[in-house]
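Engineer: here is the input, now give the coordinates:
(one chain, ligands or ions: 1)
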Amino acid sequence: MGLNDQTRRQEWWRHAVTYQIYPRSFADGNGDGVGDLPGITSRLPYLRDLGVDAIWLSPFYTSPQRDHGYDVADYRDIDPLFGTLSDADDMIERAHELGLKVIVDLVPNHTSSEHEWFRAALAAGPGSPERDRYVFRDAGPDGSLPNNWMSVFGGPAWTQAPAGPGEKEQYYLHLFDSSQPDLNWRNPEVGDMFVEVLRFWLDRGVDGFRVDVAHGLFKEEGLRDQVVEAGRTASSDARDAADVPMVERTLRDEPMWDQPEVHDVYRRWHEVLAKYDGDRMFVAEAWTQTPESMAAYVRPDEFSQAFNFAWLLASWSAEEFAEVVRGTMEAVGLVGGSPTWVLSNHDVVRHVTRYGGGALGLARAKAATLTMLALPGSAYLYQGEELGLPEVDVAAEHKQDPLFIRTGEGGRDGCRVPIPWSGAAAPYGFGPGGEQPWIPQPDDWAPVTVEAETGDADSTLEFYRAALAARRTFATSAGDDVELLELGADVVAFRRGPVTAVLNCGTEPVALPAGSVFLASGPVGDTLPPDTAAWLR
Ligand code: NOJ
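Structural biologist: Numbers count the residues shown, from 1 in each chain. This next block holds a predicted model:
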């Protein structure tokens, strides 16, 4: 499988390893128990030494924090919780001094209900130009909802707007929390505002954007009901598919996602970015249903990249992993895009835990990571995975995720627990003093702090450092062609340039192909043990 010439261009992001920072949980500079920009700036040398090329920061803009910043009230300012615009400038400058690129998060599908536009929309009433920036619809004669769409966070995707005396009753659409009203992208004011926001951050020197819910924005005209398969609920989130094996998935009806009009927006943004120097990029968070629909976002005049969630959704199965590699390479190759790989982020259960937890989960997580780092394209890491952190079982009284608040179940707090930096007890050096962080850390994290793992040759951290260093020496020169090898039903194996990567997802040791092992995710002898990956040359 090969990619075409276009992908062989050398823009920095095509081969980058990008480290995702969840600002409230990375490092606390001022001792209020919540991570912030000065905390991040102080830890940038750690990331340079880890060996990543870029950082992506989840939102730090002015926000009531109902969805921890994915509810933006002002796209051009910093929430006081995280610092000031000058702190952002300092962070960008320091990152650049250290040779790290900076990607910021852009949230265009919805604003916060505290955004001045939404306040104005509520005040102005039905039929007003202010309401036309969002998706307001009249209630049915019996007060019923405009359609059957459900919020990704549970419950209906519609909330009633307060009605003044004599005013029609209206609902507004929110595909996420009721504090995150969806914008109406058919109103040109919306598109113009986001171009200004892009320029604002490009002018401040950011190297790229991660675009939240990039497959959202446009809804099918007419807002018809979603056709829901028997046995499923009318939930609109592709993450629902996580429990269905990749190979057996059927496509769902999604009038609220992935509409053709959205691509015009990204063509416009592509032009905006192209006017700036230095290979500015943007990466789509698009939970589309197939590799082909994902690839549409990375056509030459659209996004630079899209997250490849198929890799993250694959279960511990050689068949599934190999199928994702094949499908991804084919799909992005067709449009001249470049592939991406990701195993964890702030929305999903950490991969150590997804793969079984404990020593087994950790062994598998390291093996999957090593396999991912051998693939062409770029890789995204999530803070704390380099320490081998598992998902934390957060007590209900500490959970803050709107998903939990709306449904009373689950929630994403368990992957958002603050990073343990040093010391033997919480807060493990998270802040300057002994303040406990916004969400409690487990009391058995002393062995997984950065301090404890540094210099320990068997630690997950040193494994990541070694893998990232080794990847640097071949990632840009090994080419983008991948040849999948047949080494048995439980094995994923491929050759890329001088490197052969082998992953054993089975329960028996397997014979290694020719070559010498130069890096492995665990102990390797003449054969490759189960739950282990190796690189050979
Ligand atoms: C995707 C983000 O990654 C997630 O954290 C957020 O809750 C939703 N988009 C809504 O913005």
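Engineer: any idea which element the residue of the chain found nearest the ligand lies in?
Structural biologist: Closest contact between the chain and the ligand, by CB to the nearest ligand atom, is at Y70 (3.4 Å). Backbone N, C-alpha and C define where each C-beta goes, glycine included. Using DSSP states H and E, Y70 is not contained in any helix or strand.
Engineer: pull the number of nearby residues for it.
Structural biologist: 24 (other CB atoms under 10 Å).
Engineer: residues in contact with it?
Structural biologist: Residues near Y70 by CB atoms under 8 Å, 6 or more residues apart in numbering: 58-59, 63, 105, 107, 176, 180, 212.
Engineer: again, but for V262
Structural biologist: Counting by CB under 8 Å, 6+ apart, V262 has contacts 185, 214-218.
Engineer: going through those, which ones are buried?
Structural biologist: By neighbour count, with 16 or more other CB atoms under 10 Å, those hold 185, 214-218 as buried.
Engineer: of these, list those near the ligand.
Structural biologist: Among the buried ones among the contacts of V262, no residue lies close to the ligand (CB under 6 Å from any ligand atom).
Engineer: got JSON lines for these, with pLDDT too?
Structural biologist: Shown next, in JSON lines, are these (pLDDT from 0 to 100):
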{"residue": "W185", "pLDDT": "98"}
{"residue": "A214", "pLDDT": "98"}
{"residue": "H215", "pLDDT": "97"}
{"residue": "G216", "pLDDT": "97"}
{"residue": "L217", "pLDDT": "98"}
{"residue": "F218", "pLDDT": "98"}
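Engineer: the nearest residue to A478 once chain neighbours are set aside: what's it in contact with?
Structural biologist: Nearest residue to A478, sequence neighbours excluded (CB to CB, 6 or more residues apart in numbering): G497, at 3.0 Å. By CB under 8 Å, 6+ apart, the contact list for G497 reads 474, 477-479, 481.
Engineer: so does stretch 115-127 get close to the ligand?
Structural biologist: No - shown here: stretch 115-127 not in contact with the ligand (CB under 6 Å from any ligand atom), separated by at least 13.4 Å.
Engineer: kindly export that stretch (C-alpha atoms) in CSV.
Structural biologist: Taking C-alpha atoms only, stretch 115-127 is exported to CSV below (Å, rounded to 0.1, in the frame of the first residue of the first chain):
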residue,chain,number,x,y,z
HIS,A,115,-21.6,33.7,24.7
GLU,A,116,-22.9,37.2,23.9
TRP,A,117,-24.6,35.9,20.7
PHE,A,118,-26.7,33.4,22.6
ARG,A,119,-27.6,35.9,25.3
ALA,A,120,-28.7,38.3,22.6
ALA,A,121,-30.6,35.5,20.9
LEU,A,122,-32.6,34.7,24.0
ALA,A,123,-33.3,38.4,24.7
ALA,A,124,-34.3,39.2,21.1
GLY,A,125,-37.1,36.6,20.8
PRO,A,126,-38.5,34.4,18.0
GLY,A,127,-37.9,35.4,14.4
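Engineer: now it: buried residues?
Structural biologist: Neighbour-count burial for stretch 115-127 flags 115, 117-118, 121-122, 125 (criterion: 16+ other CB under 10 Å).
Engineer: sort out for me which of those residues are in helices.
Structural biologist: 117-118, 121-122 (DSSP state H).
Engineer: any chance of those in TSV, plus pLDDT and distance to G522?
Structural biologist: Formatted as TSV, these follow (pLDDT from 0 to 100; distance: CB to CB, whole Å):
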residue	pLDDT	distance to G522
W117	98	53
F118	98	51
A121	98	56
L122	98	57
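Engineer: can you lay out those residues as a markdown table showing distance to M329?
Structural biologist: Conversion of those to a markdown table gives the following (distance: CB to CB, whole Å):
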| residue | distance to M329 |
| --- | --- |
| W117 | 42 |
| F118 | 42 |
| A121 | 45 |
| L122 | 48 |
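Engineer: of those residues, which pair is most distant in space?
Structural biologist: Across those, the longest distance by CB to CB is 10.1 Å; it joins W117 and L122.
Engineer: which parts of the protein are helices?
Structural biologist: Using DSSP H, helices in the chain cover 37-42, 44-50, 85-97, 116-124, 188-203, 262-274, 291-295, 309-313, 318-335, 351-354, 358-374, 402-407, 450-453, 460-474.
Engineer: between the ones you listed, which one is closest to A161.
Structural biologist: Closest approach to A161 among the helices of the chain is made by helix 116-124 (5.9 Å; CB to CB).
Engineer: what's the angle from that closest one to helix 188-203?
Structural biologist: Following axes from the mean of the first three to the mean of the last three CA atoms, to 10 degrees, one obtains 160 degrees for the angle between helix 116-124 and helix 188-203.
Engineer: so what touches helix 116-124?
Structural biologist: Helix 116-124 has contacts (CB under 8 Å, 6+ apart) with 73-74, 111-113, 128, 130-131, 133-134, 136, 161-162, 172, 181.
Engineer: if you set the cut-off to 10 Å instead, what comes out?
Structural biologist: The contact list for helix 116-124, computed with CB atoms under 10 Å, 6 or more residues apart in numbering, reads 73-74, 110-113, 115, 128-134, 136, 161-164, 170, 172, 179-181, 183-184, 189-190, 193.
Engineer: what's the burial count for the residue nearest to F474 when sequence neighbours are not counted?
Structural biologist: Using CB to CB, 6+ apart and skipping the chain neighbours, the partner closest in space to F474 is V499 (5.8 Å). Per other CB under 10 Å, the neighbour tally for V499 reads 20.
Engineer: ok, the one 3 residues further on next?
Structural biologist: Burial of V502, expressed as a neighbour count using other CB under 10 Å, amounts to 29.
Engineer: where does it land on pLDDT?
Structural biologist: Model confidence at V502, expressed as pLDDT, equals 98.
Engineer: what's opposite it in the beta bridge?
Structural biologist: Going by DSSP bridges, V502 is paired in beta bridges with A493, A534.
Engineer: OK, contacts around it?
Structural biologist: The contact partners of V502, by CB under 10 Å, 6+ apart, come to 367, 370-371, 374, 485, 487, 491-495, 510-513, 515, 517, 520, 524, 528, 532-536.
Engineer: go again using 6 Å as the cut-off
Structural biologist: 493, 528, 534 (CB atoms under 6 Å, 6 or more residues apart in numbering).
Engineer: same check, this time on A363
Structural biologist: Residues in contact with A363 (CB under 6 Å, 6+ apart) are 522, 531.
Engineer: per-residue confidence at it?
Structural biologist: pLDDT at A363 comes out at 98.
Engineer: ok, M193 next?
Structural biologist: Here, the pLDDT recorded for M193 equals 98.
Engineer: what about it, how many neighbours?
Structural biologist: For M193, using other CB under 10 Å, the count is 17.
Engineer: A534 too?
Structural biologist: Neighbour count for A534, taken as other CB under 10 Å: 27.
Engineer: next one: T507
Structural biologist: For T507, the neighbour count with other CB under 10 Å is 8.
Engineer: now for V135: which residues touch it?
Structural biologist: Per CB under 6 Å, 6+ apart, neighbours of V135: 173, 182, 184.
Engineer: quick check: PyMOL command selecting the buried ones in the contacts of G497.
Structural biologist: In PyMOL, this line selects whichever of the contacts of G497 come out buried by 16+ other CB under 10 Å:
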select buried, resi 474+478+481
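Engineer: using a markdown table, lay out the contacts of G497 together with distance to N308 and pLDDT.
Structural biologist: A markdown table is the format used below for the contacts of G497 (distance: CB to CB, whole Å; pLDDT from 0 to 100):
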| residue | distance to N308 | pLDDT |
| --- | --- | --- |
| F474 | 21 | 85 |
| S477 | 22 | 83 |
| A478 | 19 | 88 |
| G479 | 19 | 88 |
| D481 | 18 | 92 |
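Engineer: quick one: name the residues of the stretch 51-200 of the chain near the ligand.
Structural biologist: Residues of the stretch 51-200 of the chain lying close to the ligand (CB under 6 Å from any ligand atom) are 67, 70, 107, 176.
Engineer: the same query, at a cut-off of 5 Å, please.
Structural biologist: Neighbours of the ligand within the stretch 51-200 of the chain, by CB under 5 Å from any ligand atom: 67, 70, 176.
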